[in-house]
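Student: Here is my input; please provide its structure:
(2 chains)
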Number of protein chains: 2
Amino acid sequence: MWSILRPEMFSMARLMSDAMTPVRSPTRNASDHLRKMYCSTSTLGLLTGVIASLINLAIENISGVKMLHMVRLVRDKRYWAGFFYFSGFNLALTFVAAVLCVVFAPTAAGPGIPEIKAYLNGVDTPNMFGAPQLIVKIIGSICAVASGLDLGKEGPLVHIGACLANLLSQGGSGRFRLRWKWLRFFNNDRDRRDLITCGASSGVCAAFRSPVGGVLFALEEVATWWRSALLWRTFFSTATVVVVLRGFIEVCRGGRCGLFGAGGLIIFDVGDVTVRYRLGDLLLVTLVGVMGGVLGALYNHVLHMVLRLYNLINDKGRMAKLALALAVCAFTSAGLYVLPFAVPCTPCDPAFGAACPATGRSGNFKQFNCPAGQYNDLATLLHATNVDATRNIFSTGTPGEFRLDSLLIFFAIYCVLGLFTFGIAVPSGLFLPIILMGAAYGRIVALVLQSAVAASIDHGLYAVLGAAALMSGSMRMTVSLCVIFLELTNNLTLLPMTMFVLLIAKTVGDAFNPSIYEIILDLKGLPFLEPKPEPWMKDLTVGELAAAKPRTISLQVVEKVSTVLEVLRNTGHNGFPVVDRPRPGLSELHGLVLRAHLVAVLRKRWFLLEKRRTEEWEARERFSSVELADKNCKMDDLELTPEELEMYIDLHPFTNTTPYTVVETMSVAKAVVLFRSVALRHMLIMPKYQGPEISPLVGILTRQDLRAHNILGAFPHLAKKSKAH
Amino acid sequence: MWSILRPEMFSMARLMSDAMTPVRSPTRNASDHLRKMYCSTSTLGLLTGVIASLINLAIENISGVKMLHMVRLVRDKRYWAGFFYFSGFNLALTFVAAVLCVVFAPTAAGPGIPEIKAYLNGVDTPNMFGAPQLIVKIIGSICAVASGLDLGKEGPLVHIGACLANLLSQGGSGRFRLRWKWLRFFNNDRDRRDLITCGASSGVCAAFRSPVGGVLFALEEVATWWRSALLWRTFFSTATVVVVLRGFIEVCRGGRCGLFGAGGLIIFDVGDVTVRYRLGDLLLVTLVGVMGGVLGALYNHVLHMVLRLYNLINDKGRMAKLALALAVCAFTSAGLYVLPFAVPCTPCDPAFGAACPATGRSGNFKQFNCPAGQYNDLATLLHATNVDATRNIFSTGTPGEFRLDSLLIFFAIYCVLGLFTFGIAVPSGLFLPIILMGAAYGRIVALVLQSAVAASIDHGLYAVLGAAALMSGSMRMTVSLCVIFLELTNNLTLLPMTMFVLLIAKTVGDAFNPSIYEIILDLKGLPFLEPKPEPWMKDLTVGELAAAKPRTISLQVVEKVSTVLEVLRNTGHNGFPVVDRPRPGLSELHGLVLRAHLVAVLRKRWFLLEKRRTEEWEARERFSSVELADKNCKMDDLELTPEELEMYIDLHPFTNTTPYTVVETMSVAKAVVLFRSVALRHMLIMPKYQGPEISPLVGILTRQDLRAHNILGAFPHLAKKSKAH
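Tutor: Below is the predicted model of the structure:
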């Protein structure tokens, strides 16, 4: 007999969630589905593009107003007033961002990329992709970046894309009564996962205006399972984003958007610059890569320590979180305001003409406290939005623009800020802080090398290479970073050098510690399933692993209500093996039943008076597809009478009769490959030998059982081996 | 007891080939492996780049010499002499290419991409990636393209990359005694597969100078299993190719390479052209896409018929193949030579200055038979290498260059040639013929629309869009094509339009028939494993499928020599299930033994006098890792004495004790997902119920058993269902 829940879960998503095809499944028209998929993907791209543009607009205008007034006060020599105005403005903005994060959506703090990565790996963080997170992320990101904190809007944009995708896939937010019926079409795990992947790539694309880079970012960094169809969908969404961004820049050209300058985007188009390099330059570039790798690994290491410290502080409650955020903001504001006074003014090179000194909001050569005809190079870097600062430091053809001491001060302060800003309770991205640090580092190398050996590469390009090296040293992405930089620079000649630097920095970094995202995932305790099994997993069988666990709880195929209730109350498992013994001497591993379905049966009180097998139509009549798709497992309010407890439940209709099984002698390494390849949640272990007195089930393995960390806890002797490897 | 062949095959490749870790595995140093991987990848890129450049150089020079002399004869009004010279030259070149293909390497005919796709899916075509194929492909490709046949060097370049990769992974060609020891390091299935993927992307990159496009082509079209590490490796190899190509163009600039013009590359850099389009243009572009999709599907359909016809001819023997190739060449030559005389001359627009008319080899506005100051527009297209023709037809800012009737003639002749050239026995690519057809189609649409509605898009851009539409309509690639066109045009503004056209054309094409590569794969009868199971596979269990097959042959764990020999002689299976019954009432599915290992045991005559179990060291002592890794299954010369036939073999040490198993009630759909996800070759079926009288094995499934075509043969009633879907 077939169970009413078709055990056939042949799509990745269905396998993964162990979700079943509903009893009365609506006929899904394939072309209709395709059409709606395109609609939702383009809507997603459109919304991400518009929101990214609005965020840029807001940040540029808010921080523009702030900077202009501050500079005016400084020019009037009202230094203290300038300081209090600047700090007050920043503190107010940080306060708004932090309060929003702390009170309304704690999960909106940070970049959100590790959680997206975990979600696509099968780990769902609660309250991560909802409407409150979206709104807090947008406003919080605007306030946090505009307040001058050393963080980017890139990570948050990725999270915003994912939130939008999730809301679209659910057909709007349930909490706010905003639901569009046609969009609910996608309310299944696989389509939602696909859309969230598209959202992540749209976010990267919106941050860097890099459509192919966004797709490759999703492929390389975010997604765990990749399907061919996803390639096209992500690309479709990023292309939509690019069109929207381009439209926005077009509209805003000519100052129609207030202080919105170059669109708040890192635009570094050097497509017309011909880059020629000699073999000697390759050595210098190697140096940049090696040092970038070391610095990146060091950054990861120190950031790890800082985050652990911050976790302790943040655990103390809301006020502690708020205080920490404000303290970091106060420190940042003081640094940004005071430091430019420490460096001398630089006279303008007449070659730059009217561009120097700049008194407005954006542009190189900020005059700040300097007399006419001179500029303060440190103010140029510090008194700008982070994006502007990147643009300034990347600028080509300006070898003498920045003094070495200014760059050293800038590098030092941004190293400190980059380490101590990330963990505070505001939406924050890691991309831009690392780019800024790396760019400063690259430019410092160029300045030092210029005096030592005659390097023929432009200082701006060294800044780009430095940024790439540090990014790769810390984040360990390669192809997506390379393509992002390719699309930023729009110059294929730079490609070999960028690749070379990225490769070296990644290799050097990998020698020290894992990537920053892996560190964060580990800190957050998310049970991420690694792509490759550890070498020592070959030396352990799944049978041994199951034996080390508490006794496996299995249900009979027709089970007493009291037993089911007890099992549900005493364990937190999401799936239970079902065994059967149809007649003496014959045993059967009947399958796997989900907690959600057991709860559904208990709630409906679909009990039998005697131990018997039901017919298929009986279950069909009682349970609708919607009820069975519901994953709500709460049963606190469930009250059963003593008579009911003595009754029986027939699990036949609810059991997935063909779960994936492995033999007990299989190695853990091989089981891990299967578990991850077919995206399982539960894996049943069968005995090697079959006989009348042998149970048909040895045990059950879940994601937690197969995590390296947990296995090493139970088998400490393997830890030594793992060190030896 | 562990078998000496570690059953732990946790890498994708090992799983796939069922290859075992050798008995005495050499300690593989990870960093050493990485270093060698980089060496081989960059060597691969370097060689592909150099060979691509040399092929370009040869083609440009040979066909340049041919064209120049032919044009001279025509200018002297010696038309017949010109015709015979032209045709004779072409026939000679085709003859060389065809003889090479027919005599030395029949597998070098055609593009090779379907076979690469099949190889990466787990289907190894014999004699596909060796040194003879490489050499024949290089020389044959040069001759075939230079002879003016309507085929491209793009597909062959992909195959050349794959051949190079295979030879590198084997450490050179065994046949020619060229072997480098350090490279043999990669002589395992996974590394070879990775390198071949890199080779394929290098080939695409060398063909279109498109590094990211090459990577995405490998990802979207070629590879079946994708690993994160591959992304970086393919990109590394394509970047090397780009560097080499750029160096070559740099060297050849200034005419130092004979008639080598613009590098034989389709260079269509319109990065400085600002494209503006209105909403009305979008409608026209939609039209281009829809018609491109229809034309592409039609092309696939007719090509399918032509290829079936050609298969009949080619099966008649070598002479038939040769005759077919020469006939096509004669027809092509006649067409190319005669047709330009059919159109009137066009006076040169003074705006083009000295560029018109062109009397040299390359360039627009070929003078041919026209008086001074005029040019023959059809000769411009026909009397050039295919790459030159593409460049000419793509050229921007030349709305009046081509006459409508010339374009129509060009389109018609290239449709005919494109259909009848592909199947002949020379190395041939599909990319360029389709691009040429599509470009002509796009330009025709532009010309027609210009008179009907005022379209604001350049004719050259319409040609690009037309080419993209037809490519997508026939090949159904999207992202890689889009990126290739993006990298060709170097203009992000074109991106949305290109995407739009590709999307529409693919959707329209999919409504009619599968992609051209799928059609060719099907024609070649390669057992390609599709990514998704068919919907009707849900309605069949693996038990039912196994029952429809002939009785499963299984071996006892200690088996008589005569039985093993008989099984090997009577079946062609590559793997046999091994069952055991350690004591009465207890049964065990012991595992799976490979044919190659059985043959190895027979060859070594490792027989036992009585039925007993051997110790691990006994097998270790007799069989080296190299012997067991050998996949040679030939046993024609094996002679066993009657005494030996009565002896026993202990299969314990050779059995993979943990093959992947499924329960007989599992649906075929779910089994297919498992089979493909973990890349299996054999899948064992276990019984649902376990008892003393039940066999522990229901059957064994292989790739062939799970192919939709074969299942439908055994279960015809499912075919009706499949039609209904």
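Student: drop to CA atoms for contacts and neighbour counts, all remaining ones
Tutor: Noted.
Student: what's the burial count for residue A:300?
Tutor: Summarising burial for residue A:300: neighbours were counted as other C-alpha atoms under 10 Å in any protein chain shown, giving 25.
Student: hang on, it packs against residue A:474?
Tutor: Yes - with contact defined as C-alpha atoms under 8 Å, residue A:300 and residue A:474 form a contacting pair (6.1 Å).
Student: Quickly list what's touching both of these two.
Tutor: Between them, residue A:300 and residue A:474 share the neighbouring residues A:515, A:516, with contact defined by C-alpha atoms under 8 Å, 6 or more residues apart in numbering or on different chains.
Student: For the residue of the stretch 401-550 of chain A found nearest chain B, which non-adjacent residue is closest in space?
Tutor: Among the residues of the stretch 401-550 of chain A, residue A:479 lies closest to chain B, at 5.8 Å counting by C-alpha to the nearest C-alpha. Nearest in space to residue A:479, with sequence neighbours left out and distances taken as C-alpha to C-alpha, 6 or more residues apart in numbering or on different chains, is residue B:232 at 5.8 Å.
Student: try residue A:697
Tutor: Leaving aside its sequence neighbours, residue A:697 sits nearest to residue A:686 (C-alpha to C-alpha, 6+ apart; 5.0 Å).
Student: shouldn't the residue of the stretch 401-550 of chain A closest to chain B be in contact with residue B:233?
Tutor: No - checked against C-alpha under 8 Å, the pair residue A:479 and residue B:233 is beyond contact range at 9.3 Å.
Student: Show me which of those two is the more surrounded one.
Tutor: Taking neighbours as other C-alpha under 10 Å, residue A:479 and residue B:233 compare with residue A:479 leading, 27 against 22.
Student: So that one versus residue A:285, what's the distance?
Tutor: In this structure, residue A:479 lies at 18 Å from residue A:285, with C-alpha to C-alpha, to the nearest Å as the measure.
Student: Share the number of residues neighbouring the closest residue to chain B within the stretch 151-300 of chain A, please.
Tutor: Closest residue of the stretch 151-300 of chain A to chain B, C-alpha to the nearest C-alpha: residue A:232 (5.8 Å). The burial metric for residue A:232, expressed as a neighbour count using other C-alpha under 10 Å, is 21.
Student: Over to it: give its phi and psi.
Tutor: phi -70, psi -40 (degrees, to the nearest 10).
Student: pull the CA atoms of the strand or helix carrying residue A:485 into CSV?
Tutor: Secondary-structure assignment from DSSP states H and E places residue A:485 in helix A:479-489. Below are the C-alpha coordinates for helix A:479-489, written out as CSV (Å, rounded to 0.1, in the frame of the first residue of the first chain):
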residue,chain,number,x,y,z
VAL,A,479,36.5,34.0,-8.4
SER,A,480,33.6,36.2,-7.2
LEU,A,481,36.0,38.8,-5.8
CYS,A,482,38.1,38.7,-8.9
VAL,A,483,35.0,39.3,-11.1
ILE,A,484,33.7,42.0,-8.8
PHE,A,485,37.0,43.8,-9.1
LEU,A,486,37.0,43.1,-12.8
GLU,A,487,33.6,44.7,-13.1
LEU,A,488,34.5,47.6,-10.8
THR,A,489,37.6,48.4,-12.8
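Student: picking that back up, looking at the residue of the stretch 401-550 of chain A closest to chain B now. What's its pLDDT?
Tutor: Looking at residue A:479, its pLDDT stands at 86.
Student: Repeat that for residue A:141.
Tutor: On pLDDT, residue A:141 comes in at 94.
Student: same thing with residue A:6?
Tutor: Residue A:6 carries a pLDDT score of 38 in this model.
Student: Who are the packing partners of the lengthiest helix in chain A?
Tutor: Of all the segments assigned as helix in chain A under DSSP state H, the longest by residue count is helix A:30-75. Packing contacts for helix A:30-75, counted by 3 or more C-alpha pairs under 8 Å, 6 or more residues apart in numbering or on different chains; DSSP states H and E, involve helix A:79-99, helix A:131-146, helix A:154-170, helix A:189-208, helix A:228-252.
Student: The residue nearest to residue A:697 and residue A:666: what is the separation?
Tutor: Counting by C-alpha to C-alpha, the separation of residue A:686 from residue A:666 is 10 Å.
Student: still on that earlier bit, between the helices and strands packed on helix A:30-75, which gets nearest to residue B:438?
Tutor: Ranking these by proximity to residue B:438 (C-alpha to C-alpha) places helix A:228-252 first, at 22.0 Å.
Student: what sits against the spatially most central residue of chain A?
Tutor: Most central in chain A under C-alpha atoms, centre = their mean is residue A:113, positioned 1.1 Å from the mean C-alpha point. For residue A:113, the contacting residues are A:155, A:158, A:159, A:222, A:517, by C-alpha under 8 Å, 6+ apart.
Student: pretty sure the second one contacts residue A:196?
Tutor: I take that to be residue A:158. No - the pair residue A:158 / residue A:196 is not scored as a contact, 9.7 Å apart, by C-alpha under 8 Å.
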